[in-house]
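Colleague: coordinates only, sequence not included:
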């Protein structure tokens, strides 16, 4: 079973942890350079204020409705996010941070366990230890857990466990609200007469594969209760972008971990640029194994937050900033199973206010990475890569039976003899 734990109005909730006067008031968190609204309290939502509203449009309403404005404090949000993820590690050895404010947990409870009660335990502990309210959705796949989370967050209990047969729930859910089904896919599905999650669930696999990409086919499998999606398979405009992998064997060397983080940073940055976005910062983390020797030690996560000097999509800038903090989260003697990076504070590259003193250099760097992305798209992934990503990469996933990349690697094109 999967649990999706999602923090409620996360940025606002972080501000309220340390400023109790903000409770029960309409609160708006602004983007970089106080540009537009990126997080809203429930009280602000009740006033009809939409996400993305420019600050100058909000100003006339501040005094009238008692709206409280806060600038983005990514250092605070990143640190509280790290604390939430640490608490989640007490409930499952497999925690998958999906964004700064949500994560999947793989739950392996004994048969007959009460998953609803377990979800309530998660909520209570995070609220008590960190001060952040969360919603919990539990289901047999990530996609169904996402749906369950949306239901749970709107319920008084804050927890929802998807029934074994979710037919009635999916029949009422618009297809556009499914994780990974963006507006473009929604329009096409609607034209084919597929308007609800229940209708998508019942489609023939061959028909879906003929009409759409493999991600939609995997989504249909997930709606039917078969685990088929990883977080990196989802194609949708992102509020945060992440990349993580499990290692092929336990990793104990900081150099290998640094290489892995460099690869994941580069991969996530490519997706960031593809969506024409820039990031304000990143959360980076290592996940380590429990130990069962003479001195038993629990497994867990160690991580930290990096705030970039200004929003960027420049991989080099990110790597230089992130590399400085990794020694501080490395625990000597532990065996690491996984690492990851999560970008947050995303904004459209077209609307980000550039740093006036580095605008020319930033523009040149943007053009550089436009060229890098074009080359890698044409000649195959990692045709051009940063040396920080390593060459041998002994830490990568174990794939002893991997077939050649016939269509994306010049060195692996089949030869006719």
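Modeller: Nice, thanks for sending it over. Bear in mind the structure is a predicted one, so any value in this text is a computation, not a measurement.

Colleague: C-alpha only now, for contacts and for neighbours.
Modeller: OK.

Colleague: from memory residue 251 sits against residue 395, does it?
Modeller: Yes. Counting by C-alpha atoms under 8 Å, residue 251 does reach residue 395; the two are 6.5 Å apart.

Colleague: Which residues are in contact with each of the two?
Modeller: Shared contacts of residue 251 and residue 395 (C-alpha atoms under 8 Å, 6 or more residues apart in numbering): residue 257.

Colleague: What distance do you get for residue 161 to residue 175?
Modeller: 20 Å (C-alpha to C-alpha, to the nearest Å).

Colleague: For stretch 95-104, measure first residue to last.
Modeller: With C-alpha to C-alpha, one end of stretch 95-104 sits 6 Å from the other.

Colleague: same question for that stretch, mean pLDDT?
Modeller: Mean pLDDT, computed over stretch 95-104, is 89.

Colleague: which residues are in contact with that stretch?
Modeller: By C-alpha under 8 Å, 6+ apart, stretch 95-104 touches 2-7, 10, 77-78, 81, 85, 88-89, 105-106, 142, 231, 239-242, 283, 342-344.

Colleague: now stretch 254-263
Modeller: Around stretch 254-263, the neighbours that count as contacts under C-alpha under 8 Å, 6+ apart are 251, 284, 286, 319, 323, 326-327, 330, 339-341, 388-390, 393-396.

Colleague: And it, what's buried?
Modeller: 254, 256-263 (16 or more other C-alpha atoms under 10 Å).

Colleague: same thing with stretch 36-55?
Modeller: Here stretch 36-55 shows 36-41, 43-44, 49, 54-55 as buried, counting by 16+ other C-alpha under 10 Å.

Colleague: For residue 241, give me phi and psi.
Modeller: When read as degrees, to the nearest 10, the backbone of residue 241 gives phi -130, psi 130.

Colleague: Count the neighbours of it for me.
Modeller: The tally of other residues near residue 241 (other C-alpha atoms under 10 Å) stands at 25.

Colleague: Across the sheet, point out what pairs with it.
Modeller: Under DSSP bridges, the beta-bridge partners of residue 241 are residue 343.

Colleague: Just confirm it contacts residue 342, I think it does.
Modeller: Yes. Contact criterion C-alpha under 8 Å: residue 241 and residue 342 qualify, at 5.7 Å.

Colleague: picking that back up, of the contacts of stretch 254-263, just the buried ones, PyMOL syntax please.
Modeller: The buried residues among the contacts of stretch 254-263 can be selected in PyMOL (16+ other C-alpha under 10 Å) with this line:
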select buried, resi 251+284+286+319+326+330+339+340+341+388+389+390+395+396
